[in-house]
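K.L.:
This is a predicted model, with the sequence first.
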Amino acid sequence: MPSQTSPLIIALDYSSLDAALCMADQLDPARCRLKVGKELFTRSGPAVLEALHGRGFEVFLDLKFHDIPNTVAGAVQAAAEQGVWMVNVHASGGRRMMLAARERLDAQRFKTQLIAVTVLTSLERQDLAEVGLDTTPESQVERLAQLAQQTGLDGVVCSAQEASRLEDLYGKAFLKVTPGIRPSFARQADQRRILTPAQALAAGSTHLVIGRPVTEATDPMAALEAIEREL
Ligand SMILES: O=c1ccn([C@@H]2O[C@H](COP(=O)(O)O)[C@@H](O)[C@H]2O)c(=O)[nH]1
């Protein structure tokens, strides 16, 4: 594994293993990590993890587990056994669920980073109201981040807009993994709580998750280089 210092995590949201590997082959494991999400993993299964690990990449398996404690503990163990660098659960699965996941990884001495999704970056206040949460995304993120921190998780997924508050509360070592990153040249699409790469880093994001601004660019490598120049 490379000793990775770049904050960049490129989201390989592709519908086939071939397409994902075609992008991975243009990327350098010394310059970024890769994220495998629901579509690619559902289509290709663990083979994609093996292929990316074989190319020297550290992989964030972004399956956002959300189930009863025993089921989630088993799922994070399965991810850790496949050697992923990072795995995540939904913080709204609750304290006992997060604790079960934490304890399972610790019991087996896995070093896999375990983080919790707070409020999806595609959501804004009105979306929360529609699912019965009469609060702002910021305060809901804070509430769920507190629960994640108390249960010993390594950090959270949040928007970069909330990163500086979480750094004040829980310090730099508590990971703030932030999707919803939009360089000036990229379209917002379905994301709502967004910042540019430079703004996100300045706000205290520890890792920037970037998908379509790179993968949908006419020249993905030029897009990535433009982002790196901005950091
Ligand atoms: O709150 C969240 C949690 C996860 N994601 C994931 O990050 C990438 C973002 O991709 P873009 O193309 O840069 O929008 C994607 O894989 C999401 O599943 C998120 O966006 N927000």
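P.N.:
That came through fine.
K.L.:
Just give me how far the longest strand along the chain sits from the chain centre.
P.N.:
Determined from DSSP state E, the single longest strand within the chain is strand 59-65. Chain-centre distance of strand 59-65: 7 Å, with Cα atoms, centre = their mean, to the nearest Å.
K.L.:
Please apply the same query to stretch 86-94.
P.N.:
Per Cα atoms, centre = their mean, the centroid offset for stretch 86-94 relative to its chain is 11 Å.
K.L.:
measure the residue of the chain found nearest the ligand to Val48 for me?
P.N.:
Closest to the ligand within the chain is Gly211: 2.7 Å, counting by Cβ to the nearest ligand atom. Where C-beta positions appear, they are placed from N, C-alpha and C, glycine not excepted. Computed as Cβ to Cβ, to the nearest Å, the Gly211 to Val48 distance reads 15 Å.
K.L.:
cool, and Ala116?
P.N.:
In terms of Cβ to Cβ, Ala116 sits 23 Å off from Val48.
K.L.:
Which positions in the protein make contact with the ligand?
P.N.:
Applying Cβ under 6 Å from any ligand atom, we find that the chain lies next to the ligand at 11, 13, 37, 117, 120-121, 157, 179-180, 191, 209-213.
K.L.:
among those residues, which are in helices?
P.N.:
Among the residues of the chain next to the ligand, the ones falling in helices (DSSP state H) are 212-213.
K.L.:
Nearest to Val72 among the residues of the chain next to the ligand?
P.N.:
Val117 (12.3 Å; Cβ to Cβ).
K.L.:
in this protein, which spans are helices?
P.N.:
17-24, 38-44, 47-54, 69-81, 95-107, 125-130, 137-150, 163-170, 197-203, 212-215, 220-230.
K.L.:
Would you mind finding the most buried of the ones you listed?
P.N.:
Compared across these, helix 212-215 shows the largest average neighbour count, a mean of 21 (mean count of other Cβ atoms under 10 Å).
K.L.:
now the protein, which segments are flagged as low pLDDT?
P.N.:
By pLDDT under 70, the weakly predicted segments of the chain are 1-3.
K.L.:
could you redo the last one with a cut-off of 50?
P.N.:
Counting by pLDDT under 50, the chain shows low-confidence ranges at 1-2.
K.L.:
Which strands or helices does the longest strand of the chain pack on?
P.N.:
In terms of contacts (3 or more Cβ pairs under 8 Å, 6 or more residues apart in numbering; DSSP states H and E), strand 59-65 is packed against strand 33-36, helix 38-44, helix 47-54, helix 69-81, strand 86-90.
K.L.:
Mind putting the ones you listed into JSON lines with distance to Leu128?
P.N.:
JSON lines is the format used below for the helices and strands packed on strand 59-65 (distance: least, Cβ to Cβ, whole Å):
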{"stretch": "strand 33-36", "distance to Leu128": "25"}
{"stretch": "helix 38-44", "distance to Leu128": "22"}
{"stretch": "helix 47-54", "distance to Leu128": "33"}
{"stretch": "helix 69-81", "distance to Leu128": "23"}
{"stretch": "strand 86-90", "distance to Leu128": "14"}
